[in-house]
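# quick one, fold the following:
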Amino acid sequence: MIWIRADGNSDIGTGHLMRCLAVARQLQKFGAQVRFLVAGKEAGAFLQKRGQSFHVLHSDYRRMEEELPLLNPLLERERPALVLIDSYFVTKDYLKTLGRYAKTAYIDDRCLFSYPVDMVINYNIYASTKEYEETGSGVQPAFLMGPLYAPLREEFRGVDYEVRKEPERVLITTGGGDKYNLAGRILQEALGQEGINRLHYHVISGAFNKNLPYLEELCENRENVHIHRDVTRMAGLMKECDIAVTAGGSTMYELCAVGLPIICFSFVDNQERIVETFARQGLVCYGGNYLKEKEKLIINVLQWLEKLAWDSKARKVFCERERKLVDGLGAERIAEALLRLKKEGSL
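You can find the predicted model right below:
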């Protein structure tokens, strides 16, 4: 049995769960049994809809060490062969405790300290083993680094995308939650701006987005606004669009696999480095950091949108650069590496 410890809710969105789901499905495809462990009912309901086995700990996802008294008896009784952890709230003691019972792997974005695990996975564009070496860890874990390990669903493999000369559709997505209602505010401004107000806008409302009523109100009496929830064919929807407006995160790697030109921005700390690195490498149009720029971010996004909408050559360049970065096979690579690690633990 392989356990996956991850969370998702209206505060942190669905990014951790989505990338772990992609890995879980590849593990299951290879014949492994997988169970998710989550802090709360929101994450449990999310996984239930997707047919995954899970156990709700009824704990505080921000205080992971406090759930150890709940986890220890489970670990002692069930003895999983491997635990994959994906949370920003882990501590050294938490990881060490899990490591006493099973092989451990950690999906990381930030390299905050030396992780006492058997494997570290960082699929981000800026990932480097050098950063982890500098933490001074006594035991060196195995490393899976860079966008080749971006854990995407199978639908993102080999997408045939065409850059159209005349744009028609814009995708707007801000992840599982959007506490600042940036999708709604960007949409509202775009609908009022001549030149781009007649484009069709496809807005993804995440599973924990509390601003859905606002989006639905904008949609009323407008044939060119479309709200999508519980999307089951995301790659297909991306393929039908001409430009994406997105917050930083795993969605950016999905968009790269498709080749859809990106206007990106950040509104939480862990997105900052991702979008800024993408921008420095000339892969995207950078809208800014909402935490620092506030309303100027929306102005920046609309300026880029107007520019890209009528510049098919620029969109083609972005498309070609993106597709060279991500091939859609990352989840399979991670699953294979986890199964090798699991086998080592059983010898």
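# gap between Gly259 and Gly146?
Gly259 sits 19 Å away from Gly146, taking CB to CB, to the nearest Å as the criterion. (Each C-beta comes from the backbone N, C-alpha and C, glycine too.)
# more neighbours: those two, which one.
Gly259 (24 against 17; other CB atoms under 10 Å).
# surely that one meets Arg321?
No - when contacts are counted by CB atoms under 8 Å, Gly259 is not listed as touching Arg321 (9.1 Å).
# which neighbours do these two have in common?
Here Gly259 and Arg321 share no contacting residue, scored by CB atoms under 8 Å, 6 or more residues apart in numbering.
# look at Arg280 and report its pLDDT.
Confidence at Arg280, expressed as pLDDT, is 95.
# ok, Arg5 next?
pLDDT, Arg5: 97.
# hang on, it packs against Leu82?
No - counting by CB under 8 Å, Arg5 does not reach Leu82; the two are 11.2 Å apart.
# so who does Cys264 touch?
Contacts of Cys264 by CB under 8 Å, 6+ apart are 245-248, 252, 275, 278-279, 284-287.
# show me what counts as buried in the host helix or strand of it.
Assignment of secondary structure by DSSP states H and E places Cys264 within strand 262-266. Applying a neighbour-count criterion of 16 or more other CB atoms under 10 Å, one finds 262-266 buried in strand 262-266.
# so where's the stretch 1-150 of the chain uncertain?
For the stretch 1-150 of the chain, applying pLDDT under 70 flags the ranges 134-139.
# which stretches of the stretch 1-150 of the chain form strands?
Along the stretch 1-150 of the chain, the stretches classed as strands by DSSP state E, counting those that start in this stretch are 2-6, 34-38, 54-56, 82-86, 103-107, 119-122, 142-145.
# cool, the stretch 151-300 of the chain as well?
Going by DSSP E, counting those that start in this stretch, the stretch 151-300 of the chain shows strands at 169-173, 200-204, 225-228, 243-247, 262-266, 285-289.
# quick one: which of the ones you listed is nearest Asp93?
Nearest to Asp93 among the strands of the stretch 151-300 of the chain is strand 262-266; the distance by CB to CB comes to 30.4 Å.
# how far off centre is the closest one?
14 Å (CA atoms, centre = their mean, to the nearest Å).
# adjacent strands (with direction) for that strand?
strand 243-247 (parallel), strand 285-289 (parallel) (DSSP bridges).
# quick check: buried residues in the last one?
Spelled out, it's strand 285-289. 285-289.
# and stretch 311-331, by the same measure?
So stretch 311-331, judged by 16+ other CB under 10 Å, has buried residues 312, 315-316, 318-319, 321-323, 325-331.
# can you check stretch 178-198 too?
Those would be 178, 180-187, 189-191, 196, for stretch 178-198 by 16+ other CB under 10 Å.
# how far does that stretch sit from its chain's centre?
23 Å.
# got the contact list for that stretch?
Contacts for stretch 178-198 (CB under 8 Å, 6+ apart): 11, 170, 172-174, 199, 201, 203-206, 209-211, 214-215, 218, 222, 224-225, 245, 247, 265, 267, 290, 297-298, 301-302, 305-306, 309.
# go on, stretch 155-171?
190, 196, 199-202, 204, 233-246, 254, 257-261, 305, 308-310, 312, 315-316, 319, 323, 326-329.
# quick one: end-to-end distance for that stretch.
One end of stretch 155-171 sits 18 Å from the other (CA to CA, to the nearest Å).
# same question, stretch 11-18
15 Å.
# which helix in the chain runs the most residues?
helix 330-346 (DSSP state H).
# list the contacts of the most centrally placed residue in the chain.
What sits nearest the mean C-alpha location of the chain, by CA atoms, centre = their mean, is Ser250, with 2.8 Å. Applying CB under 8 Å, 6+ apart to Ser250 gives the contacts 15, 18-19, 150-152.
# which of the residues you listed lies closest to Leu341?
Nearest member of those to Leu341, counting by CB to CB, is Pro151, at 15.6 Å.
# that closest one: neighbour count?
There are 26 residues near Pro151, going by other CB under 10 Å.
# torsion angles phi and psi at it?
Main-chain dihedrals, Pro151, degrees, to the nearest 10: phi -80, psi 80.
# while we're on it, how confident is the model there?
96.
# my read: it touches Glu332, true?
No - at 9.1 Å, Pro151 does not count as touching Glu332 under the criterion of CB under 8 Å.
# which parts of the stretch 201-347 of the chain are helices?
Per DSSP state H, counting those that start in this stretch, the stretch 201-347 of the chain has helices spanning 212-219, 234-239, 250-258, 269-280, 290-293, 295-309, 312-325, 330-346. These are given in chain order.
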